[in-house]
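# I would like to see how this sequence folds:
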Amino acid sequence: MFVIVAAGAVLMAAGAVWKGQVRKPYLRVRARNVKNRRLPRDLRRSADMAIAAARHAAAADEPAIVRVDDVLTVAAEHFGHATVPRESAAVALRERYEWNRCDGDCVTDAYENQGL
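Sure thing, here's the model as predicted:
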């Protein structure tokens, strides 16, 4: 019985010492890599959500106005991407604008200053 308690105490002490030194840097790097890998997908989803919200807010005879700032706001609020380059959000909005065939009922500023 004493051997089991002693072995458990040794394992707990080794775990307490080892836990903070090995796993934390690895987890930070992994979390950053996952966030960077998910950014394009999250921006596309943010653009889709901004388009849907603009279409919902527009009156029947008015075009929906979708701004790059709307995509940045959705990306920050829903996906936690607080610092996204404006050009990346504009690229995602242009892609989803064309994919959703918004040229008939939407207006966007994503095409302004393209290529600068």
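# S88 and S46 touch, don't they?
No - counting by CB atoms under 8 Å, S46 is not a contact partner of S88; they are 10.6 Å apart. Just so you know, the C-beta spots here come from the backbone N, C-alpha and C atoms, and that holds for glycine as well.
# of these two, who's got more company?
Remark: of S88 and S46, S46 carries more neighbours, 26 against 17, as counted by other CB atoms under 10 Å.
# surely that one is in a strand?
No - read with DSSP: H, G, I helix; E, B strand; the rest coil, S46 is helix and lies in no strand.
# how close does it get to P63?
20 Å (CB to CB, to the nearest Å).
# low-confidence ranges in the protein?
17-26, 113, 115-116 (pLDDT under 70).
# all helices for it, in order.
2-57, 68-79, 86-99 (DSSP state H).
# so what touches the shortest one?
For helix 68-79, the external contacting residues (CB atoms under 8 Å, 6 or more residues apart in numbering) are 38, 42-43, 45-47, 49-50, 53-54, 81-82, 84, 86, 89-90, 92-93, 108-110.
# which among the residues you listed count as buried?
Neighbour-count burial (16 or more other CB atoms under 10 Å) applied to the contacts of helix 68-79 gives 42-43, 45-47, 49-50, 54, 81, 84, 89-90, 92-93, 108, 110.
# out of the residues you listed, which is nearest to R28?
Of all the buried ones among the contacts of helix 68-79, H81 has the smallest distance to R28: 17.2 Å, by CB to CB.
# ok, and the closest non-adjacent residue to the closest one?
The spatially closest residue to H81, leaving aside those adjacent along the chain, is A75, at 4.4 Å (CB to CB, 6 or more residues apart in numbering).
# now render the helices of the chain as JSON lines, adding distance to Q114.
Output for the helices of the chain, formatted as JSON lines (distance: least, CB to CB, whole Å):
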{"stretch": "helix 2-57", "distance to Q114": "15"}
{"stretch": "helix 68-79", "distance to Q114": "11"}
{"stretch": "helix 86-99", "distance to Q114": "7"}
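# from V71, how far out is the residue nearest to R94 when sequence neighbours are not counted?
Nearest residue to R94 in three dimensions, chain neighbours excluded: A110, at 4.7 Å (CB to CB, 6+ apart). Note on A110: its distance to V71, by CB to CB, is 8 Å.
# fine by me, thanks again.
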